[in-house]
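Engineer: Need coordinates for the below:
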Amino acid sequence: MNKTLLSVWVLLVLSVSVTSQNLSGLWTGRFTTNSLLQENLPYKYELLIFQNADSITGYSYSTAGDGTFYAVCTIKGVLYDGYMVIKETKTLYQNPPQPSGTRQSHILFFGSDITEATGDWKQLNKRPFQLLTEEGKTFLKKQNDPSKSGLIKVLKENNIIAVNDENTVAPDVDSLRLASREKQVLQSLSIQSDSVQLELFDDGLIDGDSVTVFLNNSVLLRKVGLTDKALKQIVHLPSSKEPVIISMFAENEGSVPPNTGLLIIRDGDKKYEVRFKSDMKKSSAVELKQNR
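Structural biologist: Numbering: from 1, shown residues only. A predicted model of the protein is given here:
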């Protein structure tokens with residue numbers, strides 16, 4: 001092999017070795033900000049990354065101070081040779097819930113062993129009356145132990161991810177799908193019994209609508225077609241009396257959009273009728289609160 005071919009071969013190997021690195025996992029660190037009112041606050045930042053070739057998805061977690069204030073966002077990104085670009089696409093959870101927090105876009109350059117990443121971030125959602133766009137520096141390191149992660153804790157509590165015995169993190173695909181859409185709670189019902197019966201119909205024209213029904217973040221009925229005949233399901237409410245959310249996730253919109261249906265909830269002798277509309281961007285939901 002001559003020197004020219006050898007050089008080309010070495011460059012190709014080096015290029016492949018960078019882009020083929022496994023970024024999936026937990027990255028933790030901090031960021032700074034140019035905001036005069038907040039520049040002295042200790043900000044922490046976490047990324048939970050799921051990599052598919054050069055495509056990145058996952059979650060971010062930012063906290064201020066002692067961690068009382070936090071935001072969890074979904075992320076999307078692209079892996080390049082030596083760096084990655086990450087954008088926060090949607091805020092999933094936030095404390096306090098209002099006002100809406102800052103969503104960030106990061107460009108992060110890897111260290112030599114692809115376990116550290118540093119770079120810059122800029123604000124994506126400039127708020128009304130805001131004079132200057134926030135920006136700053138980001139410093140992250142890949143972690144092997146997710147047990148102390150604030151992000152992992154929030155996602156586990158909401159059944160978005162699972163951590164196995166080897167401390168590796170796996171996303172729940174169904175929960176990811178549910179979280180990808182806006183959720184509209186149509187009604188909040190006070191339930192007297194420890195269980196309810198759900199009855200699900202198409203609402204009006206039978207046009208091929210199908211839905212997946214979630215109990216909180218877990219699948220209750222998967223990809224069921226709606227007709228004029230009731231799909232029935234008993235739901236046992238938790239002994240903790242925590243409210244539960246029944247969500248109707250549209251798998252399609254039938255031949256006549258949007259996806260529409262009728263949900264009947266039977267609580268002993270009481271009967272509640274909820275007409276819902278779901279589409280490919282929004283899921284309809286009902287909250288059940290125990291009052292017994």
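Engineer: Enumerate the positions of the helix or strand where residue 46 lies that are buried.
Structural biologist: Remark: residue 46 resides in strand 43-52, with elements defined by DSSP states H and E. Buried residues in strand 43-52, counted by 16 or more other Cβ atoms under 10 Å: 43-51. The way it works is simple: take the backbone N, C-alpha and C, and place the C-beta from them, glycine included.
Engineer: Show me what that strand is packed against.
Structural biologist: Applying 3 or more Cβ pairs under 8 Å, 6 or more residues apart in numbering; DSSP states H and E, we find strand 43-52 packed against strand 25-31, strand 55-64, strand 69-80, strand 135-143, helix 150-157.
Engineer: what's the third one in contact with?
Structural biologist: Put plainly, it is strand 69-80. For strand 69-80, contacts defined as Cβ atoms under 8 Å, 6 or more residues apart in numbering pick out 19, 23, 47, 49, 51, 53-64, 84-96, 101, 103, 150-151, 154-155, 179-180.
Engineer: PyMOL command to pick out the buried ones of those?
Structural biologist: For the buried members of those, the matching PyMOL selection, counting by 16+ other Cβ under 10 Å, is:
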select buried, resi 23+47+49+51+56+57+58+59+60+61+62+63+64+84+86+87+88+89+91+92+93+94+101+103+150+151+154+155+179+180
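Engineer: ok, and for stretch 103-111, which residues are buried?
Structural biologist: 103-108, 110.
Engineer: Let me know the average pLDDT across that stretch.
Structural biologist: Stretch 103-111 carries an average pLDDT of 94.
Engineer: Next: stretch 134-154.
Structural biologist: On average, stretch 134-154 scores 88.
Engineer: so who does residue 84 touch?
Structural biologist: Contacts of residue 84 by Cβ under 8 Å, 6+ apart are 23, 56, 77-78, 107-108, 110, 117.
Engineer: Work out the gap between the helix or strand in which it is found and the centre of the chain.
Structural biologist: Assigned by DSSP H and E, residue 84 falls within strand 83-95. Centroid displacement of strand 83-95 relative to its chain, using Cα atoms, centre = their mean, to the nearest Å, is 9 Å.
Engineer: Can you pull out the low-pLDDT segments for the stretch 101-250 of the chain?
Structural biologist: 130, 164-168 (pLDDT under 70).
Engineer: for it, what spans make up the strands?
Structural biologist: 104-110, 116-123, 135-143, 161-163, 169-171, 182-191, 195-202, 210-215, 218-225, 231-236, 244-250 (DSSP state E, counting those that start in this stretch).
Engineer: Can you tell me what sits against the fourth one?
Structural biologist: Just to be clear, that refers to strand 161-163. 48, 146, 152, 155-156, 169-172, 175.
Engineer: before we move on, what about the fifth one?
Structural biologist: Contact with strand 169-171 is made by 25-26, 48, 50, 146, 152, 160-164, as judged by Cβ under 8 Å, 6+ apart.
Engineer: could you flag which of those are buried?
Structural biologist: Buried members of the contacts of strand 169-171, counted by 16+ other Cβ under 10 Å: 25-26, 48, 50, 146, 152, 160-161, 163.
Engineer: Quick check: the two most widely separated of the residues you listed?
Structural biologist: 25 and 160 (15.7 Å; Cβ to Cβ).
Engineer: any idea how the protein splits into domains?
Structural biologist: The chain breaks down into these domains under automatic domain parsing: 3-171, 178-290.
Engineer: how many neighbours does residue 236 have?
Structural biologist: When neighbours are counted by other Cβ atoms under 10 Å, residue 236 registers 11.
Engineer: Would you format the helices and strands packed on strand 43-52 as CSV with distance to residue 129 included?
Structural biologist: CSV is the format used below for the helices and strands packed on strand 43-52 (distance: least, Cβ to Cβ, whole Å):
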stretch, distance to residue 129
strand 25-31, 24
strand 55-64, 21
strand 69-80, 20
strand 135-143, 18
helix 150-157, 30
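Engineer: Right, I'll leave it there.
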